[in-house]
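**Student:** Structure for the following, please:
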Amino acid sequence: MPLKLILITVFLHFFFVESSFSQKTKIVSSKIIRAIEDEHHIGQLKENMLQKAKSEAMAKAFGTNVQQHTHYQIQAKGDSEFREDHKLTQSTNSEVKGEWVKTIKKSFEWLVEVEGQRKVLYLVCEVKGKAREINTQKVDFTLETLKCPKKEQCISNQFFDGDHLYLNYKSPKKGHLTIFYKEGETVYQLFPYQKMKGENGEVPVLNANKDYLLFDLNSAKDFQVSSHQVDEIGLELSSSTQELHKVYAIFSERPYALPLSTQKNGIPVLEYDSFQKWIEKNKMLSSDFQELVKFLTLSPKR
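**Tutor:** Predicted coordinates for the structure are as follows:
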């Protein structure tokens, strides 16, 4: 019965790996409230509140790392006389010592309260989920959204209907990268390019300390493909009002499998719920699996 023995061994190994990560997770929760101002974009406000609630929940469970930075600045003033103007400043920020693994429950509730002579509208955000303490240093990779292929001139998170999207990626370590784009409840897999994946759908490895420009024809050689294999991305509104979209960068030093998807106009797509489950599953199995989310607004042409 060698086949059965192998299957049982694999199952037990999988159970052990999953359990070892699961034991490190903890149920956390938080609730925050925010007064609504006229200038608020409700979709963006909800996302900001959700992220803040997650951070507060993890901070209560695992604490924060407080970092202090000292800045020393020298300025030269005057044409004929050089005078040094020394300026020493300090800034402090905190970093949550936790990683969100899975959302169990999230809710938004509207409240109206009378304050003096006016009514004030409040939004309440409540979230509950699984998180784990971060004991190792995460890879500090970067991703920037651009409106044109020149990084220094084109970094933006505000786009208009018909604009092209470019991404600039850089990591201090070699690793596997995938890019997803969320519009409404649909998620599009944008990278790796459709014609650069291996026969088994492997995620390609990108080198460390190198600037990569994605969705640019002139940067094809950086991905060892020809220009006709590069997928260009044009953004289109699905309504007549401003929309809030998300770009997900998924990075890991270890190989990982792409999520199950269907094809729409030649692009792999999946439902947002399935995408979240794929992320949660991979985070449970590997602490190397990281996500970085960038928000962008897409507005009608001016």
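
**Student:** could you pull out the helices for the stretch 201-302 of the chain?
**Tutor:** In the stretch 201-302 of the chain, the segments counted as helices under DSSP state H, counting those that start in this stretch are 272-285.

**Student:** Now for residue 126, how many residues are close by?
**Tutor:** Using other Cβ atoms under 10 Å, residue 126 has 18 neighbouring residues. Using the backbone N, CA and C atoms, a C-beta is placed for each residue, glycine as well.

**Student:** What pLDDT is listed against it?
**Tutor:** Here the pLDDT value assigned to residue 126 is 94.

**Student:** who's it bridged to?
**Tutor:** According to DSSP bridges, the residues that bridge with residue 126 are residue 31, residue 107.

**Student:** Ok, the one 4 residues further on next?
**Tutor:** Using DSSP bridges, the bridge partners assigned to residue 130 are residue 27, residue 102.

**Student:** isn't it right up against residue 104?
**Tutor:** Yes - between residue 130 and residue 104 there is a contact at 6.7 Å, judged by Cβ atoms under 8 Å.

**Student:** Could you find the closest non-adjacent residue to residue 223?
**Tutor:** Spatially, and ignoring its direct neighbours in sequence, residue 223 is nearest to residue 196 (6.1 Å; Cβ to Cβ, 6 or more residues apart in numbering).

**Student:** Give me the pLDDT for the one you found.
**Tutor:** The predicted local confidence for residue 196 is 77.

**Student:** Checking it next. Helix, strand or coil?
**Tutor:** coil (DSSP: H, G, I helix; E, B strand; the rest coil).

**Student:** Give the full set of residues in contact with it.
**Tutor:** Residue 196 makes contacts with 204, 223-225, 229, as judged by Cβ atoms under 8 Å, 6 or more residues apart in numbering.

**Student:** Among those residues, name the buried ones.
**Tutor:** By the neighbour-count criterion of 16 or more other Cβ atoms under 10 Å, the contacts of residue 196 include these buried positions: 204, 223, 225.

**Student:** Hmm, the last one is touching residue 193, no?
**Tutor:** Yep, that's residue 225 we're talking about. Yes - using Cβ under 8 Å, residue 225 is in contact with residue 193, at 6.5 Å.

**Student:** how does this protein divide up, domain by domain?
**Tutor:** 26-134, 136-299 (automatic domain parsing).

**Student:** Test my guess that residue 154 contacts residue 163.
**Tutor:** No - contact status for residue 154 versus residue 163: not in contact, 10.4 Å apart, counting by Cβ under 8 Å.

**Student:** Those two: which is more packed in?
**Tutor:** More neighbours sit around residue 163 than around the other of residue 154 and residue 163, counting by other Cβ under 10 Å; the figures are 19 against 15.

**Student:** My guess is the more buried one contacts residue 237. True?
**Tutor:** No - between residue 163 and residue 237 there is no contact, the gap being 10.4 Å when judged by Cβ under 8 Å.
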